[in-house]
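Undergrad: With the input below, show me the fold.
(one chain, ligands or ions: 2)
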Amino acid sequence: MKILLISFENTLVCFGVRMISAVLKRAGYETHILFLPREFNDLETDSDVMDIAQWVEDLKPDLIGISLMSSHLKRVLPVHQAIRKNRDIPIIWGGIHPTIRPEECLQYTDFVCVGEGELPMRDLAQALAEGKEIGAIPNIWSRSGETIIKPEPRPWMENLDDLPYADHDPEHHRVRHQNRIQSITPEIWNSYIPGFMDTHYVMSSRGCPHNCTYCCNSALRSITCGDYLRRRSPEHFVGELVEIKEKIPSIRGFVFMDDSFFYGNAQWFTEFCAAYKSQVNLPFYCWANPLAVTESRIKPLADAGMVGVHVGLESGSERVSGEVYKRKVSRTRFFECMDILHKYRRKISDIRVDVITDNPYETETDVAATAEVLSRLKKPFFVGIVSLIFYPQTELETRAVRDGLINSDDDELYYREFFHYRPTLLNRLMRATPMTPGRLIRFFLGVRHTAWGRALFYLYYFGYFIAIRRQIRDVRRKVTLFLFRKFGDRFKPDTVLKQRVALIDF
Ligand code: B12
Ligand code: SF4
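TA: Ligands and ions are numbered 1, 2, ... in the order given. Below is the predicted model:
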């Protein structure tokens with residue numbers, strides 16, 4: 001049986017389809033992956049759709065799996081319909097969107113996978129191959145006339161070490177790049193990971209101990225039973241990194257995408273750091289909740305190669321952070337976390353702070369509080385500002401529907417990009433904080449309600465920050481990329497990674 005998996009994500013990372021492919025291969029099936037990355041989720045043109053459908057027709061798969069997040073739905077539909085028009089192949093959708101909106105997805109497709117898909121997909125392939133009943137496969141929802149069949153879900157997988165490594169074997173992997181379906185070269189891979197070029201994304205765990213109201217974890221945790229937060233053993237994780245390093249010799253570092261990389265017992269970290277340093281020894285980058293940032297975690301990780309950390313402030317207003325987002329990160333704790341990271345700045349050169357904005361539950365004063373916190377952080381740091389999207393089934397979405405702020409069938413999540421925040425004065429002020437003296441930011445905050453204060457800020461923002469600074473950054477970017485292209489092999493991996501990361505500008 002030949003199975004095709006399709007991803008619509010805008011990078012080639014796609015852990016979900018790679019994991020499913022690995023499990024299907026282990027079970028003896030031939031798998032293919034088609035990646036359809038697209039910047040800002042622009043819709044495929046009619047000819048793109050026909051081209052994709054024709055390629056699928058030529059491949060002649062027996063089963064197709066499509067992986068999607070909410071923002072991909074509008075792109076998935078035309079491709080799904082075009083494939084279907086050519087051939088009557090069973091198609092299953094999986095990923096975060098089908099997991100949280102299965103009924104909606106079943107209006108368009110035959111099967112939907114709710115939750116983790118490795119074992120359900122293997123069982124579905126087997127049932128189809130043997131012509132067996134499908135309705136009872138846990139996690140796989142289907143339709144019989146008007147009735148939706150919802151079998152009992154499987155508990156969260158207990159031991160992640162039982163799974164094979166994600167499928168990084170490019171033989172049957174294709175990408176639609178520059179209007180052509182082709183093999184994935186290192187250049188193509190890098191072109192979808194701006195800034196983090198030559199790095200590879202990996203995950204050591206699944207789940208998160210926190211329950212922030214805007215995050216999918218608040219929706220996912222309760223879809224089935226069992227332990228939600230799980231971690232692979234250090235040997236299993238490092239083993240995969242070693243394999244990737246061997247298969248893709250051009251890589252210069254890793255990005256650990258775990259929701260909660262810093263959680264786990266001390267022994268896990270001791271064993272991981274020792275194994276990583278001796279067997280992998282490449283710079284790495286990861287995400288952290290400020291609550292988990294302690295010196296006892298940071299020091300060994302920095303010694304093992306950590307060059308960058310991404311932490312979530314989300315809001316500098318204690319009210320919004322606690323009452324609206326249900327995060328237990330106080331301002332004091334956040335500053336402590338940043339101080340610890342700065343203490344290791346010679347090793348951790350890239351410190352990124354995430355902020356959520358455009359939240360109807362926030363007042364103007366709340367946003368100003370966030371800008372004020374940012375103005376007090378030691379530099380250098382980067383700030384990533386994202387515009388709040390109410391993702392379905394999250395606690396905050398449920399509250400916003402109840403409060404009449406949005407409709408439950410609101411389709412904003414299908415077209416709005418969360419990097420496109422509103423062009424308000426405070427959002428722009430926050431954006432300028434990493435490159436502007438803290439006192440100046442606080443001065444602008446103090447005069448923001450006066451006409452001259454606003455005029456002065458915009459003069460600074462558009463005159464210096466956007467016009468002059470951006471020119472300087474663009475020249476620096478061009479020179480750095482030229483040098484790395486020409487003499488890349490002569491630099492140490494962490495020098496290349498640090499310089500490239502420094503080129504990213506949200
Ligand atoms: C890593 C990650 C990324 C990575 C890689 C994504 C990836 N798919 O691998 C990157 C950085 C690229 C990324 C990008 C984005 N992300 Co992201 N990301 C995550 C994160 C932290 C983990 C996802 C993951 O890989 N988990 C591990 C794998 C194994 O699980 P999985 O992908 O869910 O797949 C399993 C099941 O879903 C299922 N499955 C998946 N696909 C399929 C297909 C079939 C056929 C079947 C049967 C089953 C199946 O089986 C898989 C294995 O068990 C999640 C948060 C989370 N905890 O889920 C957010 C999350 C998925 N991201 C989110 C968002 C919003 C984005 C962006 C849109 C943000 C942006 N605007 O830039 C972009 C996507 C941009 C784009 N246009 O494509 C949201 C999605 C919300 C939603 N309702 O859609 C999440 C849920 C975070 C949140 N806000 O709560 N992301
Ligand atoms: S800490 Fe991060 S991943 Fe965990 S629930 Fe909160 S936002 Fe989601």
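
Undergrad: quick one: the residue in the stretch 151-300 of the chain positioned nearest to ligand 1 from ligand 2, how far?
TA: The stretch 151-300 of the chain approaches ligand 1 most closely through Cys216 (3.2 Å), counting by C-beta to the nearest ligand atom. C-beta coordinates here come from the backbone N, C-alpha and C atoms, glycine included. For Cys216, the distance to ligand 2 equals 7 Å [C-beta to the nearest ligand atom, to the nearest Å].

Undergrad: Quick check: residues of this protein near ligand 1?
TA: Residues of the chain lying near ligand 1 by C-beta under 6 Å from any ligand atom: 9-11, 13-17, 19-20, 41, 65-67, 69-71, 92, 94-97, 99, 113, 116-118, 121, 203, 206, 215-217, 257, 259, 391, 417-419.

Undergrad: ok, Arg402 - how many residues close by?
TA: By other C-beta atoms under 10 Å, 10 other residues sit near Arg402.

Undergrad: Among the residues of the chain next to ligand 1, name the buried ones.
TA: Using 16 or more other C-beta atoms under 10 Å as the burial test, the residues of the chain next to ligand 1 include 9-10, 13-17, 19-20, 41, 65-67, 69-71, 92, 94-97, 99, 113, 116-118, 121, 203, 206, 215-217, 257, 259, 391, 418 as buried.

Undergrad: Surely Ile351 forms part of a strand?
TA: Yes. Counting by DSSP: H, G, I helix; E, B strand; the rest coil, one finds Ile351 located in a strand.

Undergrad: quick one: contacts for it?
TA: 308-309, 311, 338, 341-342, 345, 380-382 (C-beta atoms under 8 Å, 6 or more residues apart in numbering).

Undergrad: gap between whatever residue of the stretch 1-150 of the chain ends up closest to ligand 1 and ligand 2?
TA: The stretch 1-150 of the chain approaches ligand 1 most closely through Gly94 (2.1 Å), counting by C-beta to the nearest ligand atom. Distance, Gly94 to ligand 2, using C-beta to the nearest ligand atom: 20 Å.

Undergrad: With the flanking residues excluded, which residue is spatially nearest to that residue?
TA: With C-beta to C-beta, 6 or more residues apart in numbering as the criterion, Gly94 has its nearest non-adjacent residue at 3.6 Å, and that residue is Cys113.

Undergrad: what are the phi and psi angles of the one you found?
TA: phi -100, psi 120 (degrees, to the nearest 10).

Undergrad: Among the buried ones among the residues of the chain next to ligand 1, which are located in strands?
TA: In strands, judged by DSSP state E, the following of those are found: 65-67, 92, 94, 113, 206.

Undergrad: Quick check, Asp62 in contact with Lys2.
TA: Yes. Applying C-beta atoms under 8 Å as the test, Asp62 and Lys2 come out as touching, 5.4 Å apart.

Undergrad: which residues of the stretch 351-500 of the chain fall in helices?
TA: Applying DSSP state H, counting those that start in this stretch to the stretch 351-500 of the chain gives helices spanning 364-375, 395-402, 425-432, 438-447, 451-458, 469-487, 493-501.

Undergrad: export these to TSV and tack on distance to ligand 2 and mean pLDDT?
TA: Shown next, in TSV, are the helices of the stretch 351-500 of the chain (distance: least, C-beta to the nearest ligand atom, whole Å; pLDDT from 0 to 100):
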stretch	distance to ligand 2	mean pLDDT
helix 364-375	16	98
helix 395-402	10	95
helix 425-432	19	96
helix 438-447	26	98
helix 451-458	31	97
helix 469-487	29	77
helix 493-501	21	62
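
Undergrad: For Ala304, which of those is the nearest?
TA: Evaluated with C-beta to C-beta, those place helix 493-501 nearest to Ala304, the distance being 12.0 Å.

Undergrad: returning to that earlier point: redo the helices of the stretch 351-500 of the chain as a markdown table? Include distance to Val49.
TA: What follows is the helices of the stretch 351-500 of the chain, written out as a markdown table (distance: least, C-beta to C-beta, whole Å):
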| stretch | distance to Val49 |
| --- | --- |
| helix 364-375 | 41 |
| helix 395-402 | 31 |
| helix 425-432 | 36 |
| helix 438-447 | 47 |
| helix 451-458 | 43 |
| helix 469-487 | 33 |
| helix 493-501 | 34 |
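
Undergrad: hang on, the earlier thing: so what's the residue of the stretch 151-300 of the chain closest to ligand 1 up against?
TA: 96, 100, 391, 394.

Undergrad: Which parts of this structure belong to which domain?
TA: 2-161, 194-438 (automatic domain parsing).

Undergrad: Quick check: end-to-end length of the first one?
TA: End-to-end distance for domain 2-161: 26 Å, by C-alpha to C-alpha, to the nearest Å.

Undergrad: Can you give the distance of it from its chain's centre?
TA: 19 Å (C-alpha atoms, centre = their mean, to the nearest Å).

Undergrad: ok, now the longest one?
TA: Centroid separation for domain 194-438 versus its chain: 10 Å, with C-alpha atoms, centre = their mean.

Undergrad: ok, which stretches of the stretch 101-250 of the chain are strands?
TA: 111-113, 140-144, 147-149, 173-177, 180-183, 199-202, 205-206, 230-231 (DSSP state E, counting those that start in this stretch).

Undergrad: winner for burial among those strands?
TA: Of all these, strand 111-113 has the most neighbours on average by mean count of other C-beta atoms under 10 Å, namely a mean of 26.

Undergrad: Just the mean pLDDT for stretch 76-91, thanks.
TA: Mean per-residue pLDDT for stretch 76-91: 94.

Undergrad: Residues contacting it from elsewhere in the structure, which ones?
TA: Contacts for stretch 76-91 (C-beta under 8 Å, 6+ apart): 6, 8, 36, 43-44, 49-50, 52-54, 56-57, 61-66, 68, 93, 108-111, 128.

Undergrad: Buried ones among the residues you listed?
TA: Buried, going by 16+ other C-beta under 10 Å: 6, 8, 36, 44, 49-50, 52-53, 56, 61, 63-66, 68, 93, 108-111, 128, out of those.

Undergrad: Just the ones of those residues in helices?
TA: Secondary-structure check on the buried ones among the contacts of stretch 76-91 using DSSP state H: residues within helices are 49-50, 52-53, 56, 128.

Undergrad: Turn those into CSV, including pLDDT.
TA: As requested, those are exported to CSV (pLDDT from 0 to 100):
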residue, pLDDT
Val49, 97
Met50, 96
Ile52, 97
Ala53, 97
Val56, 97
Leu128, 96
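
Undergrad: now, which of those residues sits nearest Glu187?
TA: Distances from Glu187 to those, taken by C-beta to C-beta, are shortest for Ile52, at 21.9 Å.

Undergrad: looking at it, the closest one is touching Val175, isn't it?
TA: No. Ile52 is beyond contact range of Val175, at 11.5 Å (criterion: C-beta under 8 Å).
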